[in-house]
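Trainee: need a structure here:
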Amino acid sequence: MVERSRLKFFLDTCVPDSGARALADAGHDVVYQRDVIAKDSPDILIECCGLQLVALRQGRPRVPLMERHRRMKAAF
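Mentor: Numbering: from 1, shown residues only. Prediction:
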């Protein structure tokens, strides 16, 4: 049997709970924005938090949010 990849999702408030449940039922890790930051947070903060969660789960050192924001803006 082929082992399926387990993915990590950071879902914002636009994703319905039914979609999140489907991902979780399929064996994926789901983190809801509402459990981490305010519902009306700006998109850049949502993206930074998602990147921070990935870094933490991979055992990499945290990068301060504003530094991550500067790096992301410089990349685009």
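Trainee: pretty sure residue 53 is in contact with residue 31, am I right?
Mentor: Yes. Using CB atoms under 8 Å as the test, residue 53 is close enough to residue 31 to be in contact (5.9 Å). Backbone N, C-alpha and C define where each C-beta goes, glycine included.
Trainee: shared neighbours of the two, which are they?
Mentor: Counting by CB atoms under 8 Å, 6 or more residues apart in numbering, the contacts common to residue 53 and residue 31 are 8, 10.
Trainee: Tell me which helix or strand residue 31 sits in.
Mentor: Here residue 31 sits within strand 29-32, counting by DSSP states H and E.
Trainee: And the contacts of that strand?
Mentor: For strand 29-32, the external contacting residues (CB under 8 Å, 6+ apart) are 6-11, 20, 23-24, 53, 57.
Trainee: go on, stretch 5-20?
Mentor: By CB under 8 Å, 6+ apart, stretch 5-20 touches 23, 27-34, 36, 39, 46, 49-50, 53-54, 57.
Trainee: Look at it and report the distance between its end residues.
Mentor: 17 Å (CA to CA, to the nearest Å).
Trainee: Okay, buried residues for the helix or strand hosting residue 56 please.
Mentor: Taking DSSP H and E as the definition, one finds residue 56 inside helix 43-57. Buried residues in helix 43-57, defined by neighbour count with 16 or more other CB atoms under 10 Å: 46-53.
Trainee: If anything else comes up later, I'll come back, but that's it for now.
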